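1. Sequence unavailable; structure follows:
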């Protein structure tokens, strides 16, 4: 039986380093995840993480590829509204806290990046 895995992005990149480093790490992580063929069931984006799904994000190609391979990408609407970027989201679906809560509750494993 396969476990359902959810990735959680709450920052505009990975870690606490300089923005360029956070972006580079995210790009490498997603690229290597795609290459491995072991994909999460869902990726959730909230707070600063919603910026990863917006126009100009350097990880849009990886996210679009993941979505095309069946990974559900859920972006927090409250967050995109707060940051004024709702119209800039280029991948995934804009959902709400109920979608995020359901994803987290049903996941066998949650990885916070």
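-> Noted; the coordinates are in hand. Bear in mind the structure is a predicted one, so any value in this text is a computation, not a measurement. Numbers count the residues shown, from 1 in each chain.
2. What strand or helix carries residue 111?
-> Element membership of residue 111, judged by DSSP states H and E, is strand 109-112.
3. Okay, buried residues for that strand please.
-> Neighbour-count burial for strand 109-112, counted by 16 or more other Cβ atoms under 10 Å, picks out residue 110. To be clear about C-beta, it is placed using only N, CA and C from the backbone, and glycine gets the same treatment.
4. wait, residue 5 sits on residue 43?
-> No - here residue 5 does not reach residue 43: they are 9.6 Å apart, not a contact under Cβ atoms under 8 Å.
5. residues in contact with residue 104?
-> Residues in contact with residue 104 (Cβ atoms under 8 Å, 6 or more residues apart in numbering) are 6, 8, 44, 110.
6. Identify the residues contacting the third one.
-> For residue 44, the contacting residues are 6-9, 74, 76, 100, 103-104, by Cβ under 8 Å, 6+ apart.
7. does it sit in a helix, a strand or a coil?
-> strand (DSSP: H, G, I helix; E, B strand; the rest coil).
8. Likewise for the second one?
-> With three-state DSSP as the basis, residue 8 sits in strand.
9. Just the pLDDT for the residue nearest to it when sequence neighbours are not counted.
-> Closest residue to residue 8 apart from its sequence neighbours, by Cβ to Cβ, 6 or more residues apart in numbering: residue 112 at 4.5 Å. Residue 112 is assigned 96 on the pLDDT scale.
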